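**Q** no sequence for this one, just the structure:
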Ligand SMILES: NC(=O)CC[C@H](N)C(=O)O
C-alpha cells in the first residue's frame, strides 16, 4: 500500500494519520531526513511552528524538506505546516524561524490573535466541493491560526474567510462599530494551492470531513508516484461513504 509521510516532530500528526486511515491510507511518521527518501508525499501538521522549526533544525531536516519540495513531491501544510511552506512569514518571534518555503506567499503567524481567539467557522470551498462532492462549505477549525496575506500569481486561492466588519484585528484602540454598509467585509485567504503544494490555515484533521485529505491524495495520484489506482479507488469509496454521514462537531474520532 502506498504511504503518505507525516512530519511527526510535534503537533497534530496522529490526527492526520487517523484521517488517512479513515480513507484506507497509511500515514508514516517522519522524524529524520533519510526517512523522506522512502515516501513520495508529505503532510506537515499544525502545532507550534517555532517549536517545530527548532526540532526540525535539531534533526537537520530543513535541507531534506526543501529538496523534497523542490523535487515537486506533493506536500500539504496545515496551520503551522502552512507557515513552514510559506516563502515569507511575518509576526514571528524575535530572531524569526527557519522556513522550508515553496509556496509563493506571505503568511501572518498568528493572524487571528492569541490562543483564546481560536474559533470555528463554515468556509465556502467551491474547488473542494467540485472535486470531492459533499457540501459547499467546510467546517474550519482555527487554532491560533495563521492567514495568508499575499499570494503570487501562480497561487490558487481555495478558500478565504470573511472577517466581520465590526471585528478589528490588531488594534489596541477602541473601535466603533460602524454602519454595515460603511465598512466593507474584508476577506483573508485561508487555503491555497501552488502546483503540488497545498496549504490550509485551519485543521481538517480535527474534523470528520475527510475531503481535504482525499483532495490531497488525488494530488498525490496525479503526480503519478505513490498511490496505485486500486488504492485511490479505496479512498474514493471511503470518502463517498463519509459524505453520507453528517459532519458533526466535536468531530475528532
Ligand atoms: N494551530 C497551529 O498550528 C498554530 C500555529 C501557530 N500560529 C504558530 O505560529 O505556529
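**A** Cool, the structure landed. Not measured: the values here are computed from a predicted model. Numbering: from 1, shown residues only.

**Q** every contact and neighbour count from this point should use C-alpha atoms.
**A** OK.

**Q** could you list the buried residues of the strand or helix carrying residue 215?
**A** If you go by DSSP states H and E, residue 215 is part of helix 211-223. Across helix 211-223, burial judged by 16 or more other CA atoms under 10 Å covers 211-221, 223.

**Q** same check, this time on stretch 115-134
**A** Buried, per 16+ other CA under 10 Å, within stretch 115-134: 123-126, 128-129, 132, 134.

**Q** how about that stretch and the ligand, touching?
**A** No. Residues of stretch 115-134 contacting the ligand under CA under 6 Å from any ligand atom: none, with a closest distance of 8.5 Å.

**Q** quick one on the thing from earlier: from the buried residues of stretch 115-134, which land in helices?
**A** 126, 128-129, 132 (DSSP state H).

**Q** just for the protein, where's the confidence low?
**A** 1, 164-184, 225-253 (pLDDT under 70).

**Q** residue 105 belongs to a strand, doesn't it?
**A** Yes. Assignment of residue 105 by DSSP: H, G, I helix; E, B strand; the rest coil places it within a strand.

**Q** how about it: what's its closest non-neighbour residue?
**A** Once flanking residues are discounted, residue 105 sits nearest to residue 151: 4.3 Å by CA to CA, 6 or more residues apart in numbering.

**Q** pull the number of nearby residues for the one you found.
**A** As a burial measure, residue 151 scores 19 neighbours (other CA atoms under 10 Å).

**Q** so what's residue 138 bridging to?
**A** Judged by DSSP bridges, the bridge partners of residue 138 are residue 123.

**Q** rewinding a little: list the contacts for the residue nearest to residue 105?
**A** 104-106 (CA atoms under 8 Å, 6 or more residues apart in numbering).

**Q** for those, pick the one with the most neighbours.
**A** Neighbour counts for those (other CA under 10 Å) peak at residue 105, which has 22 neighbours.

**Q** need the residues of the stretch 51-200 of the chain near the ligand, please.
**A** Neighbours of the ligand within the stretch 51-200 of the chain, by CA under 6 Å from any ligand atom: 79-80, 109-110, 143-146.

**Q** list the helices and strands the helix holding residue 215 packs on?
**A** Contacts defined by 3 or more CA pairs under 8 Å, 6 or more residues apart in numbering; DSSP states H and E place helix 211-223 against helix 126-132, helix 229-244.

**Q** between the contacts of residue 151, which is nearest the ligand?
**A** Of all the contacts of residue 151, the ligand sits closest to residue 106, with 13.3 Å by CA to the nearest ligand atom.

**Q** now do that closest one against residue 67, distance only.
**A** According to CA to CA, to the nearest Å, residue 106 stands 21 Å off from residue 67.

**Q** can you check residue 5 too?
**A** Residue 5 sits 15 Å away from residue 67, taking CA to CA as the criterion.

**Q** who's more crowded, those two?
**A** Remark: of residue 5 and residue 67, residue 5 carries more neighbours, 24 against 13, as counted by other CA under 10 Å.

**Q** all strands for the stretch 51-200 of the chain, in order.
**A** 75-78, 86-90, 103-108, 119-124, 137-142, 147-151, 156-163, 186-194, 197-200 (DSSP state E, counting those that start in this stretch).

**Q** and the residues of the stretch 51-200 of the chain next to the ligand, which two are furthest apart?
**A** 109 and 143 (11.2 Å; CA to CA).

**Q** tell me the contacts of the residue lying closest to residue 56 once chain neighbours are set aside?
**A** Leaving out its chain neighbours, the residue that sits closest to residue 56 by CA to CA, 6+ apart is residue 62, at 6.4 Å. By CA under 8 Å, 6+ apart, residue 62 lies in contact with 56, 99-100.
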